[in-house]
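sequence plus predicted model, see below.
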Amino acid sequence: MKIKVTKNGPYIVSGNVPLYKIKFVVDEKGNPIKYGEKGKIKTDESYTLCRCGHSNSKPFCDGTHAKIDFDGEESATIDIKDVYYEDIENENLKLVDHYIYCDHSRFCLRHGGIRKLIEEDTNESNEKAKDEATNCPSGRLLIYDKKSGKSTEANFEKEINMIYDSGQDINGAIWVKGRIPLESANGEEYSIRNRMTLCQCGKSGNKPFCNGRHWISEKFQEKFLKKWGLY
C-alpha cells in the first residue's frame, strides 16, 4: 500500500487501500466529539484522489488540475525529526505537539482546550486530554503517560477516510491511517506516520498535508498561519 503525490496533480493510491467517507459528530458549538459511521467507497486496486479541490468527480481526480494550472508544489518537511514541536507536561502526562500538522479539526477545543486540561492535572482532565489527543486525525497531538511510558496512539488498520466536517458543513481533510507510506513528487518518502491528514482543497500552505485552509477565515490565516510560515 502506498500514496504517491504527483507534480501539480492528484494522489495516486495503490495496493488496494480501503477508502471510506466519514463525518464528524459535533457538539452545540460545532466542535467534533467523535466520528460517525464510515461509508465504504468503491475503488479499484489503484485510484487517484483529487488534490486541487476542483474535480467534478470527488473524491476522485477528473483531470481538472491541468485545466486550472493547479500549483501543487510541496512545502512540507520530509523527516518528522526536523519538524519543530513543543512538549507540555504535568506530573502524569506529556503532550507532544507538532502544531505544523494541525488540520483544525477542533477535537482539542472541548473542555476548555487540551492545554488547559493538561494544566489542571486531575484524573478527569487527564482522561479528557487523552481522548482529545487520540481523536486528532492529523497526528499533531500525542500524549505519553509518564509512569508507564505508553502513548495514546491507536493501532489503526491501513485505510483512507474522506472527512466531512459537519461543524463547518464542508469537506475536510483526507485522513490517512495505519502507517501507509507517502512518497513526494520528486521520489522522497515522508516519515511514515500512524495518522496524517492530506490536503484535498488545494489551498494548504503545508502541502501535501492539510493545514485547515479549507474553512478557516482569512483573519485567522493572517494571525496564525502567516506567523508559522504557512500563509
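Thanks, I have the structure now.

did I read that right, Tyr164 in a helix?
No: read with DSSP: H, G, I helix; E, B strand; the rest coil, Tyr164 is strand and lies in no helix.

which element is the residue nearest to it when sequence neighbours are not counted on?
Computed as C-beta to C-beta, 6 or more residues apart in numbering, the closest residue to Tyr164 that is not its neighbour in sequence is Lys23, at 4.6 Å. In short, each C-beta sits where N, CA and C put it, glycine included. If you go by DSSP states H and E, Lys23 is part of strand 19-26.

who's in contact with that strand?
For strand 19-26, contacts defined as C-beta atoms under 8 Å, 6 or more residues apart in numbering pick out 13, 32-41, 43, 47, 59, 105, 159-167, 172, 175.

out of those residues, which sit inside strands?
13, 32-35, 39-41, 47, 159-165, 172, 175 (DSSP state E).

pull out the buried members of these.
Buried subset of these (neighbour count, 16 or more other C-beta atoms under 10 Å): 13, 32, 35, 47, 159-165, 172, 175.

of these, which is the nearest to Asn90?
Pro32 (24.3 Å; C-beta to C-beta).

for the closest one, name its beta-bridge partners.
Val26 (DSSP bridges).

quick one on the thing from earlier: the strand holding Lys23 to strand 159-165, inter-axis angle?
Here the directions of strand 19-26 and strand 159-165 differ by 40 degrees (axes from the mean of the first three to the mean of the last three C-alpha atoms, to 10 degrees).

pLDDT on strand 19-26, on average?
What strand 19-26 shows for mean pLDDT is 96.

switch to numbering from 321
All set: I'll call the first residue 321, so the last point we hit is now strand 339-346.

need the CA coordinates for that strand. CSV is fine.
The C-alpha coordinates for strand 339-346 follow below in CSV (Å, rounded to 0.1, in the frame of the first residue of the first chain):
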residue,chain,number,x,y,z
LEU,A,339,-11.4,4.1,1.0
TYR,A,340,-14.2,5.4,3.2
LYS,A,341,-16.3,8.6,3.8
ILE,A,342,-16.8,9.7,7.4
LYS,A,343,-18.5,12.5,9.3
PHE,A,344,-17.7,14.4,12.5
VAL,A,345,-20.3,14.1,15.2
VAL,A,346,-20.3,17.6,16.7
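
buried sites along that strand?
339-344, 346.

dump these to CSV, plus distance to Arg460.
Putting the buried residues of strand 339-346 into CSV (distance: C-beta to C-beta, whole Å) gives the following:
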residue, distance to Arg460
Leu339, 23
Tyr340, 21
Lys341, 22
Ile342, 18
Lys343, 21
Phe344, 16
Val346, 19
